[in-house]
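Participant: next one to model:
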Amino acid sequence: MTAGRRIVRAAPRRRLSSRLHWLRSAKVDVVAQQVLDHDDGIFRAVRANDVEAALRLIDADEQCLTLRDSVGAAPVHIAFLFGHYELGKRLVLRCRSLAALTYTTDDAHEPSPYEGENVLHVAIIHRQPQLVKWLVQQAPQLVRAETTGKFFAPTEVCYFGGTPLLFALASNQIDMALHILDAAQRLQQGPLQEDDAEAQASIFTCDRFGNNVLHLAVIRDLPDVYDFALRYVMRLLSPAEKRVAVSKVGPTIPEDKPIDDVHEVESMVVVEKPTRPPSPVEQLPAASDDCGRVKSISSSSSRARATQDTHK
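Facilitator: Predicted structure coming up:
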């Protein structure tokens, strides 16, 4: 019998006003959401490569350069991501302190899939050596960054090691790596010197999974990069009077160099300790045609194309 009983209905949940909280609970295409974010203001001007409109908005309120879209991108990231390099340079020169911004949502529970990426990472993936050289000259602090978003995880095709230096070497762009190493050396000799920052742009750099350039060269099947790393370390360890410039061409190992010395240098590079605990070895991608070589279409270009297709 139900006489005397009252049916109790659960109170309806209050609608959430937080867009990010709503995105976490709903199955929303993040690319489509990002297109909506770019339909107004500084993001719209940058997406359209409208330099005059972008500069006019910045003149009115320079803080618009600190705005973020739903995946944590700032206007400067969008400029470089979509290949609007001249506009991107104008933004960098307009506010150099913002040049080193990285993708972030400031949400520890739901970070951006591209968390930690900066414009130097984008330029490397777009394979723009002159742009990389320009960026590290104008904003050398860009070399001190590491991607932590799931888009760049070891199990993904776009895993390149996290730091700009490892990105360059894992994508077989040694000339870019030399620019980054030079910039890192200048940083350690200038006013921006930091005790713990050198490791992020050193030939001994380990990413947060414990992998360094030799690991990545093996994963990506890049013997030239492997040889370059060994030659660079041998040059660092050689007496000053015997040092020669390290380039991307030339013999890999001098013929008169004892093989034991080469193995010693190899061991020194491999055993360098990571700053964070490494992940299990099983998480590393196997060397294959899908992830062992860099595709002609870059990850950033694919992201830009996806947003363009959604916008149509």
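Participant: please count neighbours and contacts with C-alpha atoms only from this point.
Facilitator: Will do.
Participant: could you list the domains of the chain?
Facilitator: 28-99, 113-307 (automatic domain parsing).
Participant: comparing the ones you listed, which gets the lowest mean pLDDT score?
Facilitator: Among those, domain 113-307 has the lowest mean pLDDT, at a mean of 76.
Participant: so residue 135, which state does it fall into?
Facilitator: Classification of residue 135 using DSSP: H, G, I helix; E, B strand; the rest coil returns helix.
Participant: can you count the residues close to the closest residue to it other than its chain neighbours?
Facilitator: The shortest distance from residue 135 to any non-neighbouring residue, by CA to CA, 6 or more residues apart in numbering, is to residue 120 (6.9 Å). The tally of other residues near residue 120 (other CA atoms under 10 Å) stands at 32.
Participant: what's the helix or strand for residue 120?
Facilitator: Assigned by DSSP states H and E, residue 120 falls within helix 119-125.
Participant: buried stuff in that helix?
Facilitator: For helix 119-125, a neighbour-count test (16 or more other CA atoms under 10 Å) marks 119, 120, 121, 122, 123, 124, 125 as buried.
Participant: from these, pick the one nearest residue 168.
Facilitator: Nearest to residue 168 among the buried residues of helix 119-125: residue 124, at 6.1 Å, using CA to CA.
Participant: show me what the helix or strand harbouring residue 179 packs onto, helices and strands only.
Facilitator: Counting by DSSP H and E, the element that carries residue 179 is helix 174-189. Where contact means 3 or more CA pairs under 8 Å, 6 or more residues apart in numbering; DSSP states H and E, helix 174-189 is packed against helix 129-138, helix 164-170.
Participant: check those for me and report the most buried one.
Facilitator: Neighbour counts (mean count of other CA atoms under 10 Å) averaged over each of those peak at helix 164-170, with a mean of 30.
Participant: by contact count, what packs against that one?
Facilitator: Against helix 164-170 (3+ CA pairs under 8 Å, 6+ apart) you get helix 119-125, helix 174-189, helix 213-219.
Participant: just name the most buried of those helices.
Facilitator: Comparing the helices and strands packed on helix 164-170 by mean count of other CA under 10 Å gives helix 119-125 as most buried, with a mean of 26.
Participant: what's in contact with that one?
Facilitator: The contact list for helix 119-125 (CA atoms under 8 Å, 6 or more residues apart in numbering) reads 76-77, 80-81, 99-100, 102, 129, 131-132, 135-136, 142-143, 163-164, 167-168, 171, 176, 298-300.
Participant: check stretch 150-168 too.
Facilitator: With contact meaning CA under 8 Å, 6+ apart, stretch 150-168 is reached by 113-115, 120-121, 124-125, 143-148, 170-171, 174, 176-177, 180-181, 200-202, 205, 207-208, 211-213, 216, 283-285, 290-291, 299.
Participant: tell me which element residue 161 falls in.
Facilitator: Using DSSP H and E, no helix or strand contains residue 161.
Participant: so how far is residue 95 from it?
Facilitator: According to CA to CA, to the nearest Å, residue 161 stands 28 Å off from residue 95.
Participant: which one's more surrounded, these two?
Facilitator: Comparing residue 161 with residue 95 by other CA under 10 Å, the one with more neighbours is residue 161, at 30 against 11.
Participant: does residue 105 count as helix, strand or coil?
Facilitator: Quick answer, by three-state DSSP: residue 105 is coil.
Participant: which residues touch it?
Facilitator: Residues in contact with residue 105 (CA under 8 Å, 6+ apart) are 68, 70, 71, 72, 111, 112, 115.
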